[in-house]
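Visitor: Quick one: sequence and predicted model below, then my questions.
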Amino acid sequence: MPEYRTITRVADVPANGSKLVAVDGQELLVCNSRDEIHVVENRCSHQDQPLDGGRVRNGYIFCPVHGMRFKLATGEAIGQLTRIPLCVFDSRIVDGEVQVRRDLSAH
């Protein structure tokens, strides 16, 4: 059974927004869209720009630099700038806490 670690509380992630957290030297973006929490790498696959500060709406995050759109649940890239998906981390909610799988090196 995989082990998980707590990275933030759900209450600390704004609705239709995100929260940047660092885990083992890696920047993760915890996103809240439609009251669903998703954890993705804080890096747009188009030009390696941070996604922190990007708009979160209707299950997508938009890169704040060029507007590239990614599906939060799967990482799928939508648009013409890139077809490379975002890295999406296995996460869960336990007692109001956002947890990710301990082994982040698989990404």
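Guide: Alright, I've got the coordinates.
Visitor: Tell me if I'm right that R5 and R102 touch.
Guide: Yes - if you go by CB atoms under 8 Å, R5 and R102 touch, sitting 5.3 Å apart. (Each C-beta comes from the backbone N, C-alpha and C, glycine too.)
Visitor: Tell me where the model's unsure across the chain.
Guide: For the chain, applying pLDDT under 70 flags the ranges 1, 104-107.
Visitor: try 90 this time
Guide: Scanning the chain for pLDDT under 90 picks out the ranges 1-2, 79-82, 102-107.
Visitor: Which strand or helix spans the spatially most central residue of the chain?
Guide: Centroid-nearest residue in the chain: V40, 2.5 Å away (criterion: CA atoms, centre = their mean). If you go by DSSP states H and E, V40 is part of strand 36-41.
Visitor: Give me the sheet partners of that strand and which way each runs.
Guide: Sheet pairing for strand 36-41, assigned by DSSP bridges, gives strand 26-33 (antiparallel), strand 88-89 (antiparallel).
Visitor: could you redo these as a markdown table and give each row mean neighbour count?
Guide: Putting the strands paired with strand 36-41 into a markdown table (neighbours: other CB atoms under 10 Å) gives the following:
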| stretch | mean neighbour count |
| --- | --- |
| strand 26-33 | 21 |
| strand 88-89 | 20 |
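Visitor: Redo those strands as a markdown table? Include distance to N58.
Guide: As requested, the strands paired with strand 36-41 are exported to a markdown table (distance: least, CB to CB, whole Å):
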| stretch | distance to N58 |
| --- | --- |
| strand 26-33 | 7 |
| strand 88-89 | 17 |
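Visitor: Which residue ranges of this protein form helices?
Guide: With DSSP state H as the criterion, the chain has no helices.
Visitor: Neighbours of D95, how many?
Guide: By other CB atoms under 10 Å, 8 other residues sit near D95.
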